[in-house]
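# Kindly generate the corresponding structure for this input.
(chains A and B)
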2 protein chains.
Amino acid sequence: MRIVVVGAGIVGMATAYHLKRIAPSSEVTVVDMMAGAGMGDTGRSAAAFRTIFTSRLNRLLAKTTIDFYKSVQKGGRNLSMRFVGYLFLAGEAETASLRPVVSELKAMGLSIDFVDPPRGVRAKVTEDEEAREMGLYDVETGILIRDAGILDPEKVLRYYEEQFMKMGGKAVYGVKMTGLLARPKKPLGIPGEPFAWQDYEVGGISTSAGYIEADAVVLATGAWTGDLAAALGYGLPLRPRKRQVFVVRAEGELKAMLYDDSLTGEGSMPFLILPRGIYIRPEPDEGNFWIGLADRRPYGFEETGVEEGLWRYGIYPVLSKYIPAFEGRTPHNAWHGYYDENVVDEVAIVDKLADGLYVAAGTSGSGIMKADAIARIAAALVLGESKAELFGGVEVPTNALAKNRCMEPERLVL
Amino acid sequence: MRIVVVGAGIVGMATAYHLKRIAPSSEVTVVDMMAGAGMGDTGRSAAAFRTIFTSRLNRLLAKTTIDFYKSVQKGGRNLSMRFVGYLFLAGEAETASLRPVVSELKAMGLSIDFVDPPRGVRAKVTEDEEAREMGLYDVETGILIRDAGILDPEKVLRYYEEQFMKMGGKAVYGVKMTGLLARPKKPLGIPGEPFAWQDYEVGGISTSAGYIEADAVVLATGAWTGDLAAALGYGLPLRPRKRQVFVVRAEGELKAMLYDDSLTGEGSMPFLILPRGIYIRPEPDEGNFWIGLADRRPYGFEETGVEEGLWRYGIYPVLSKYIPAFEGRTPHNAWHGYYDENVVDEVAIVDKLADGLYVAAGTSGSGIMKADAIARIAAALVLGESKAELFGGVEVPTNALAKNRCMEPERLVL
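Numbering: from 1, shown residues only, chains lettered A, B, ... in the order given. Coordinates of the predicted model:
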């Protein structure tokens, strides 16, 4: 079987790896328009992970993926994984609404606990007049998830890539997919086939460097997938959502904060989520914080590029109120990327679009932490299986992530 | 309450009408970028309707809408409605798979029956060698739906528009929406508000002719909605799907076929659906057939314009095999338009996107036949109701068409 995987991000590369692993005799080729693997949004991720969700499927996808990465790292391959934890700073209302969720998850044996807000955080922010005027609210509790942390997505990607190449996989970089090759199932030998009344199957792709024939094509094209699939005639509920990361050096008091590992003992503070969607991702190896905002701004954002104003007016005023040590600090670096957002339920889609055509996309900001499971489901689907075996042996139906599923709503939204 | 409805197609105009009807003191303004109402895809519809579906919600939406139109027509307003029926020509496999569906619907008292294929149709198409080579299959049965037919969408639209204007509604044409006005819920009086950390509400729209302030904005923007909402920061599972209609004069034998009303007695043949997604919509007032194709071509289609090749290579070869009287006929007119397709389940979306912002779109080719019900749900939602009363008095929750609903799959797909 000849399979083309379009997209050498973490989902595409993991899918290629698992295809080759499950079906060693298949010819698997990864095609990417960039000059190498992981040059799209994989390398732009904030690269944090958690394994605790209320939705059983979310839990399975993340937990088995993280367990797989952990096993790779235990095997001697450094993925810069650190289980520093997630710490969500909740106000009074959030604490109240999440209390039953936390109890429920704890009762399942998961490590989620209420803790005191860490040193450096001004929990009683409303003592500040400006903060009050801004409508900020006090931090009531911290919610700590232990089976969570940070990793280096490029190292994970390189692992998949190397293993894939070792098994005889092929990768073609700098080549852009331009269309699908559709062929009639019963060819008549007339130019222009397939016509609208003929049953067709996808038989490969056209690219900037010629045709690549295949028995199956997998679109693992991340934030490009929605528009790409639409142009090919397939509607998917996917849209890119812009995200920006600002890098601030941990100096002075901030340095102490960065390396305060009193909560999880992993050499760094946890991944910290402040009120108003601001998160601080520790980068202990480089002595930095990565700071971002899970915003839903419907107004005035720029299509491309980093917006300095987002830091200055959107993040800094809130950040410096809750953590006064950030006062006067500015980012020395920043980048932007895109979530590949499933606009219906924010969970990935793995589906068959036509005979010979598959999609594995829509990771909605959880691509790194769910890639291995998504890839195993995609590989099994392409290989005609009705079930996929995730790392650790749990099986899920290969239609679990079909675009028209009814998803159990996630209640642990941080 | 000031409400702006963006889009003067059938959904927008019906929504404006019902808003004014339910809340006569509200100020409702319809804004459209075209020079008048119904100049988008409303006037490009194939304008056929059926009221029979297996999904209860689909049935409610279509049946109450058609009953409303019927009551308008009975009240003396000609909407060119004719209950000519739907006649679906099924092959052996389709007949077998639809038999239990037909029994189930009949048991509910709905008028759906197996009938013989009509005169003029070559049911045993495989007696023709070319047809066999093309992979065409014999017509086994016809499935006739009686509470179905054709109408004139522009006349329906004019009715809503006139009633809306009579009640004091306003319409502004030739004005294009360019953005939303977002305002902080607690203004600080600082330029640049609302910032990312402020709670906001939508307070109107910006247009090519200035601002229009409003307490609520309704996007009833049809096939433009997916891209428009995405540009504003709201993801919806909507994409345009191109559709084309070819007009063929009913001359000679075809004339007899067009006016053969032996099945439903309404002065015309039924709306006829052939194998391979080709449909023939009778236009008895003008002596024409409107012919189209419910295609899913993933290859080689042109973005805009009518494609003569679709008639020549996609429709004609099949049409002339099943109905030999079409041999040698060519269209004397054609147009194209777009379905506003909900890519997940092909049913409309009525939802609140933010405080002050609503959407009523995604009609997926069923806009004309469901517009009244969709508009009643949208109007009730905007007015803060938890239930909407459809024509005839049935109530549905106003979240019935929320974008993240779990829709009962439709099994009567023709």
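# just the strands in the stretch 301-414 of chain A please.
A:333-342, A:349-354, A:357-361, A:387-389, A:395-397 (DSSP state E, counting those that start in this stretch).
# Kindly report the residues of the stretch 251-400 of chain A close to chain B.
Counting by CB under 8 Å from any CB of the partner chain, the residues of the stretch 251-400 of chain A close to chain B are A:276-278, A:293, A:295-301, A:309-310, A:313-315, A:317-318, A:341, A:343-345, A:353-354, A:357. (C-beta placed from N, C-alpha, C; glycine too.)
# if you set the cut-off to 10 Å instead, what comes out?
A:274-278, A:293-301, A:303, A:309-310, A:312-315, A:317-319, A:321, A:339, A:341-346, A:349, A:353-354, A:357, A:364 (CB under 10 Å from any CB of the partner chain).
# Report the distance from stretch A:185-200 to the chain centre.
Mean C-alpha position of stretch A:185-200 versus that of the full chain (CA atoms, centre = their mean, to the nearest Å) differs by 39 Å.
# In CSV, please show the C-alpha coordinates belonging to that stretch.
In CSV, the C-alpha atoms belonging to stretch A:185-200 read as follows (Å, rounded to 0.1, in the frame of the first residue of the first chain):
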residue,chain,number,x,y,z
LYS,A,185,-13.4,3.5,-10.0
LYS,A,186,-14.5,2.1,-13.3
PRO,A,187,-12.4,4.0,-15.9
LEU,A,188,-13.9,4.5,-19.4
GLY,A,189,-10.7,5.8,-20.9
ILE,A,190,-12.3,9.1,-21.8
PRO,A,191,-10.4,12.4,-21.3
GLY,A,192,-11.7,14.4,-18.4
GLU,A,193,-12.6,11.5,-16.1
PRO,A,194,-13.9,11.2,-13.5
PHE,A,195,-17.1,12.9,-14.5
ALA,A,196,-19.7,14.0,-11.9
TRP,A,197,-21.7,10.8,-12.3
GLN,A,198,-18.7,8.5,-11.9
ASP,A,199,-17.7,6.9,-8.5
TYR,A,200,-14.2,8.1,-7.9
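# does chain B sit close to that stretch?
Yes - judged by CB under 10 Å from any CB, stretch A:185-200 comes into contact with chain B at A:185-186, A:188, A:190-200.
# Mind checking which of the residues you listed are buried?
By neighbour count, with 16 or more other CB atoms under 10 Å in any protein chain shown, those hold A:194-198, A:200 as buried.
# follow-up on the earlier one: and the furthest pair within the residues of stretch A:185-200 next to chain B?
For the residues of stretch A:185-200 next to chain B, the farthest-apart pair by CB to CB is A:Pro191 and A:Asp199; their separation is 18.3 Å.
# How far off centre is stretch A:146-158?
11 Å.
# returning to that earlier point: just name the closest of the buried ones among the residues of stretch A:185-200 next to chain B to chain B, please.
Closest approach between these and chain B, by CB to the nearest CB: A:Ala196, at 3.4 Å.
# Which other helices and strands does the strand of greatest length in chain A contact?
When chain A is parsed with DSSP state E, its longest strand is strand A:238-249. If you count contacts as 3 or more CB pairs under 10 Å, 6 or more residues apart in numbering or on different chains; DSSP states H and E, strand A:238-249 packs onto helix A:225-232, helix A:253-258, strand A:278-283, strand A:288-293, helix A:316-322, strand A:333-342, helix B:225-232.
# any chance of the residues of stretch A:185-200 next to chain B in a markdown table, plus distance to A:Phe164?
As requested, the residues of stretch A:185-200 next to chain B are exported to a markdown table (distance: CB to CB, whole Å):
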| residue | distance to A:Phe164 |
| --- | --- |
| A:Lys185 | 31 |
| A:Lys186 | 35 |
| A:Leu188 | 39 |
| A:Ile190 | 40 |
| A:Pro191 | 38 |
| A:Gly192 | 37 |
| A:Glu193 | 34 |
| A:Pro194 | 32 |
| A:Phe195 | 38 |
| A:Ala196 | 38 |
| A:Trp197 | 40 |
| A:Gln198 | 35 |
| A:Asp199 | 33 |
| A:Tyr200 | 30 |
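# Redo those as TSV? Include pLDDT.
As requested, these are exported to TSV (pLDDT from 0 to 100):
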residue	pLDDT
A:Lys185	94
A:Lys186	93
A:Leu188	93
A:Ile190	90
A:Pro191	90
A:Gly192	88
A:Glu193	91
A:Pro194	91
A:Phe195	92
A:Ala196	90
A:Trp197	92
A:Gln198	93
A:Asp199	92
A:Tyr200	93
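# Strands - which of those residues land there?
A:Tyr200.
# ok so, going back, keep only those of the buried ones among the residues of stretch A:185-200 next to chain B that are in helices.
Using DSSP state H, no member of these falls in helices.
# Chain B versus A:Lys255, what's the distance?
26 Å (CB to the nearest CB, to the nearest Å).
# Could you do A:Gly149 as well?
Taken as CB to the nearest CB, the span from A:Gly149 to chain B is 26 Å.
# close enough to count as contact, that residue and A:Pro282?
Yes - A:Gly149 lies in contact with A:Pro282 (CB atoms under 10 Å); the separation is 9.4 Å.
# so what sits against both of these two?
A:48, A:82, A:84, A:266, A:268, A:270-271 (CB atoms under 10 Å, 6 or more residues apart in numbering or on different chains).
# Kindly check the end-to-end length of stretch A:20-35 for me.
Distance across stretch A:20-35, first residue to last, is 22 Å (CA to CA, to the nearest Å).
# Please identify the buried residues of that stretch?
Per 16+ other CB under 10 Å, stretch A:20-35 contains these buried residues: A:20, A:22-23, A:26-34.
# Could you do stretch A:285-294 as well?
Neighbour-count burial for stretch A:285-294 flags A:288-294 (criterion: 16+ other CB under 10 Å).
# and the spatially closest residue to A:Asn333 that is not a sequence neighbour, how many neighbours?
Distance criterion CB to CB, 6 or more residues apart in numbering or on different chains; nearest residue to A:Asn333, sequence neighbours excluded, is A:Val247 at 4.0 Å. For A:Val247, the neighbour count with other CB atoms under 10 Å in any protein chain shown is 16.
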